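Student: What follows is a predicted protein model with its sequence.
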Amino acid sequence: VGAFLDDDDDDDDATMRKKTLSWGIFASAATTPTPTTTPSATNKKRKKKKGNGEQNATVSAASLNDKECREILEELDAQVVFIDSHTSEAFKQCVNELKQSKVIAYDCEGVRLSRTGKITLLQIAIPEKIFLIDVMTAGGKEIFVEGGLKEIIQSEEILKLAYDVRMDSDALFHQHDVLLKNVLDLQLLDIAIRRAAGTLVEYLPSLSKTVNRRLTNAEILVCEDLKKRVKNMYTSIEDGDLWARRPLTDDARRYAALDAWILMKLNHAMRPNGTTASHLFPGFDESWNERVLDASRKRIDEYKDKEVPIEQGGKRTSEMTHAPTF
């Protein structure tokens, strides 16, 4: 969640476009309503640098209708399977479906997530389905060891999509003795595509910036609306323990599901046929693909092997903000 909520990172593309949904299309379903804002006619559009064939069109709330955003939200809700017991049929079906998958999207939430900040929720997506697994309620040993998730996460046969995998890898390993394997870090893929096209990329892009570059206008607007709601919930709950509260609010569930859903969408946008083709992304060839996979493997160990833990919300260092060379 930190990668999405935090868009202070600067990169060589233009500043993140800020969008507010004025229609209130999500308010009726939200457990914690958020006041809507009417866009002013005097709002200035931010200019975007054009270049390298990337999606940089200016987006405004007025350019989209309610139907597009409602359909995305309905799709998101329809795909979610919430699991809070390792003995449930839903969990058994989840494990069976994941074992049969070639590609899954992985993310997790927690309280100040790190090796010392507990994982409370896992989000794992496959096409047409998003599993939200309540680690806090179901139990870590129960879902990872007895339930079989450890075998899936450590499988070399299943590709795991992640976005800046470092913190998740650190938490999984030190809390549950689970080592992520065969990871494609989509943050690195986004950087590589831009570098292959000749763009200088100095800083790590937040997830919201990559979403802004790669997804459709309607998808961007939905992401921004849910992001705003969760930010409001974070600031209204003491100690930032949103992800340790039960039951989860509707917005929190949607936001958690959104993270994994976004990874599947980004994968399709950047690897439409299971590969990043040079005719779609100029300059990106197989050597770039290998460099991304190699850098993703190194990232798995980057935080987990440190003697002093990196903590979410802690002091930001150069390695946390600067794009690696690969």
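Tutor: Structure's in. What do you need? Quantities reported herein were computed from a predicted structural model and do not represent experimental measurements.
Student: in this structure, which ranges drop under the pLDDT threshold?
Tutor: In the predicted model of the chain, residues 1-65, 234-240, 314 satisfy pLDDT under 70.
Student: Closest to the centroid, which residue in it?
Tutor: In the chain, the C-alpha nearest the mean C-alpha coordinate belongs to residue 259, at 3.8 Å (CA atoms, centre = their mean).
Student: and the gap between that one and residue 304?
Tutor: 21 Å (CB to CB, to the nearest Å). C-betas here are computed from N, CA, C, even on glycine.
Student: Residue 145 now?
Tutor: Note on residue 145: its distance to residue 304, by CB to CB, is 19 Å.
Student: Of those two, which one has the most company?
Tutor: residue 304 (21 against 16; other CB atoms under 10 Å).
Student: show me the contacts for the more buried one.
Tutor: For residue 304, the residues meeting the contact criterion (CB atoms under 8 Å, 6 or more residues apart in numbering) are 115, 169-170, 173-174.
Student: Output the residues you listed as JSON lines; include the columns neighbour count and distance to residue 321.
Tutor: Compiled in JSON lines, the contacts of residue 304 are given as follows (neighbours: other CB atoms under 10 Å; distance: CB to CB, whole Å):
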{"residue": "115", "neighbour count": "19", "distance to residue 321": "20"}
{"residue": "169", "neighbour count": "25", "distance to residue 321": "18"}
{"residue": "170", "neighbour count": "26", "distance to residue 321": "17"}
{"residue": "173", "neighbour count": "18", "distance to residue 321": "23"}
{"residue": "174", "neighbour count": "15", "distance to residue 321": "23"}
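Student: Switch these over to CSV; also include distance to residue 324 and secondary structure.
Tutor: Conversion of these to CSV gives the following (distance: CB to CB, whole Å; DSSP: H, G, I helix; E, B strand; the rest coil):
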residue, distance to residue 324, secondary structure
115, 21, coil
169, 15, helix
170, 16, helix
173, 20, helix
174, 22, helix
